[in-house]
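Enquirer: prediction below, plus the sequence it came from.
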Amino acid sequence: MSKFPPRVFSGIKPSGDLHLGNYLGAIRRFVPLQKTHACIYCVVDLHAITVWQDPEDLKRGTYEIAAAYLAAGVDPKEHIIFNQSQVVEHAELAWMFNCVVRMGWMQRMTQYKDKAGKNTQNVSLGLFAYPSLMAADILLYQTTHVPVGDDQKQHLELTRDIAQKFNNDFAGSISKNNLPAEFFPIIEPVITGPATRILSLKDGAKKMSKSEQSSAATIYMLDDADAIAKKIKKAKSDADALPSEVAGLEGRLEAGNLVGIYAALADISKQDVLNEFGGKGFGTFKPALADLAVAHLAPIAENMRRYLAEPDEIETILKDGANRARTIAQKTMKDVREIIGFVQ
Ligand code: TRP
């Protein structure tokens, strides 16, 4: 297993405004991994277009995600930040994986089922094939670790299945080419911490999402201090005091969500939060959470705005990142073409 050097890949789609769920579930966790892993953080624009995107919005969203990575503390020199469409190998490997993956595996994907709903005849073919592209993103770099939110777990399991099937289907050719039998690594999902699933501030049955209609339900990364505080104070909660044990949050979705947000921002456990606030009501807890959120998020938003004012600088970073990513990707694809039997 350990023959693959520790490498991290993760990505966020530029389809709507970045929010607290993206920050706590992903971006926040990207930063410390830089100490122990070679990291590749991608703006997955090819994934975004699986549903219609206005071209101007797509561009704006791409700059915004790059700015968020930078503002949160990703180092684009030591590590790699780029947008997916600049490295065409993603699309190429995704095609090959489309020919490895089975229809039945794809039809089980809950994200596809949720997004397509009753509309299965009218969504794009790309939306259905989305998980193959995601597997390609990850395996192109022979990534070992993938930090994501809880909702991506099934896609990562599929990525493991695709890697395994490829390694098996082509075992003979892999060995003939003197390549390691485990050509694609069997990745480890990194789904950890108190905030792998951030919920809507208005409805604990839904996750916080880019497509949420009510902006009061979502804290956006570019919200100013006032907006952040207001949304937290108006967040749905309940009439009871906070429990002193985590088990007491069971069935209290909104309360559990707010405690999780506090824990993630303060980098402590939910139990630590309850040690401090157990027995207190939301009249005490919400203002404390609002202060913490503002102290943490407002400087990042300010930093993002500074980057967004310099789009040329962002473009240079993305291009440089793409060039370095492509070098790794091309090497993988050369081997993949050889393994499959393409003349080159
Ligand atoms: N599907 C992921 C999401 O919706 C985004 C994504 C695309 C991704 N490719 C990836 C995440 C590769 C991790 C690794 O959040």
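Expert: Yep, it's here.

Enquirer: so what's Ala293 up against?
Expert: Leu20, Ile219, Ile228, Ala229, Ile232, Ile261, Leu265 (CB atoms under 8 Å, 6 or more residues apart in numbering). C-betas here are computed from N, CA, C, even on glycine.

Enquirer: the first one and the ligand: what is the separation?
Expert: Per CB to the nearest ligand atom, to the nearest Å, Leu20 is found 14 Å from the ligand.

Enquirer: near the ligand at all, the helix or strand of the chain with the lowest mean pLDDT?
Expert: Least confident helix or strand, the chain: strand 188-190 with a mean of 87, by mean pLDDT, DSSP states H and E. No - Strand 188-190 is not in contact with the ligand by CB under 6 Å from any ligand atom; minimum separation 9.4 Å.

Enquirer: got the buried residues for that strand?
Expert: Neighbour counts over strand 188-190 (16 or more other CB atoms under 10 Å) mark Pro189, Val190 as buried.

Enquirer: now the helices for the stretch 201-344 of the chain?
Expert: 225-233, 253-266, 270-277, 282-308, 311-340 (DSSP state H, counting those that start in this stretch).

Enquirer: nearest to the ligand, of those helices?
Expert: Ranking the helices of the stretch 201-344 of the chain by proximity to the ligand (CB to the nearest ligand atom) places helix 311-340 first, at 12.7 Å.

Enquirer: near the ligand, which residues of the stretch 151-300 of the chain show up?
Expert: The stretch 151-300 of the chain comes close to the ligand at residues Gln152, His155, as judged by CB under 6 Å from any ligand atom.

Enquirer: where does the stretch 151-300 of the chain dip in pLDDT?
Expert: Per-residue confidence for the stretch 151-300 of the chain (pLDDT under 70) gives these ranges: 211-213.

Enquirer: which residue does it bring closest to the ligand?
Expert: Taking CB to the nearest ligand atom, the stretch 151-300 of the chain has Gln152 as its residue nearest the ligand, at 5.3 Å.

Enquirer: near that residue, how many other residues are there?
Expert: 21 (other CB atoms under 10 Å).

Enquirer: if I pick it, what's in contact with it?
Expert: Applying CB under 8 Å, 6+ apart, we find Gln152 in contact with Val146, Pro189, Ile191.

Enquirer: and for Ser215?
Expert: With CB under 8 Å, 6+ apart, Ser215 has no contacts at all.

Enquirer: for Thr284, see how far away it is.
Expert: Distance, Ser215 to Thr284, using CB to CB, to the nearest Å: 26 Å.

Enquirer: check which helix or strand the nearest residue to Ile198 once chain neighbours are set aside maps to.
Expert: Among residues not flanking Ile198 along the chain, Gly21 sits closest, at 3.8 Å (CB to CB, 6 or more residues apart in numbering). Taking DSSP states H and E as the definition, one finds Gly21 inside helix 20-22.

Enquirer: list the contacts of that helix.
Expert: For helix 20-22, contacts defined as CB under 8 Å, 6+ apart pick out 12, 68, 149, 197-198, 207-210, 218-221, 261, 293, 297.

Enquirer: list the helices and strands the strand or helix carrying Ala129 packs on?
Expert: Element membership of Ala129, judged by DSSP H and E, is helix 125-140. Applying 3 or more CB pairs under 8 Å, 6 or more residues apart in numbering; DSSP states H and E, we find helix 125-140 packed against strand 7-12, helix 45-48, helix 89-98, helix 103-107, helix 110-116, helix 153-169, helix 311-340.

Enquirer: what about 6 Å?
Expert: Helices and strands touching helix 125-140, by 3 or more CB pairs under 6 Å, 6 or more residues apart in numbering; DSSP states H and E, are helix 89-98, helix 153-169.

Enquirer: beyond that helix, next helix or strand please.
Expert: strand 145-147.

Enquirer: who touches that following strand?
Expert: Val8, Ser10, Arg29, Ile138, Leu156, Ile187, Glu188, Pro189, Val190 (CB atoms under 6 Å, 6 or more residues apart in numbering).

Enquirer: and for stretch 24-39?
Expert: Stretch 24-39 is contacted from outside by 6-8, 41, 68, 72-74, 79, 147, 149, 195-196, 198, 264, using CB under 6 Å, 6+ apart.

Enquirer: pLDDT wise, what is Lys13 at?
Expert: According to the prediction, Lys13 has pLDDT 97.

Enquirer: wait, doesn't it sit right on His47?
Expert: Yes - contact criterion CB atoms under 6 Å: Lys13 and His47 qualify, at 4.9 Å.

Enquirer: can you report how many residues neighbour Ala229?
Expert: Ala229: 19 surrounding residues under other CB under 10 Å.

Enquirer: what residues are up against it?
Expert: Here Ala229 is in contact with Ala290, Val294 (CB under 6 Å, 6+ apart).

Enquirer: any idea how far it lies from Leu127?
Expert: Computed as CB to CB, the Ala229 to Leu127 distance reads 37 Å.

Enquirer: any residue of the next helix-or-strand element following the helix holding Gly21 touching the ligand?
Expert: Helices and strands here follow DSSP H and E; after helix 20-22, the next one along the chain is helix 28-33. No - if you take CB under 6 Å from any ligand atom as the test, helix 28-33 misses the ligand, and the best it gets is 10.6 Å.

Enquirer: how about helix 28-33: buried residues?
Expert: Arg28, Arg29, Phe30, Leu33.
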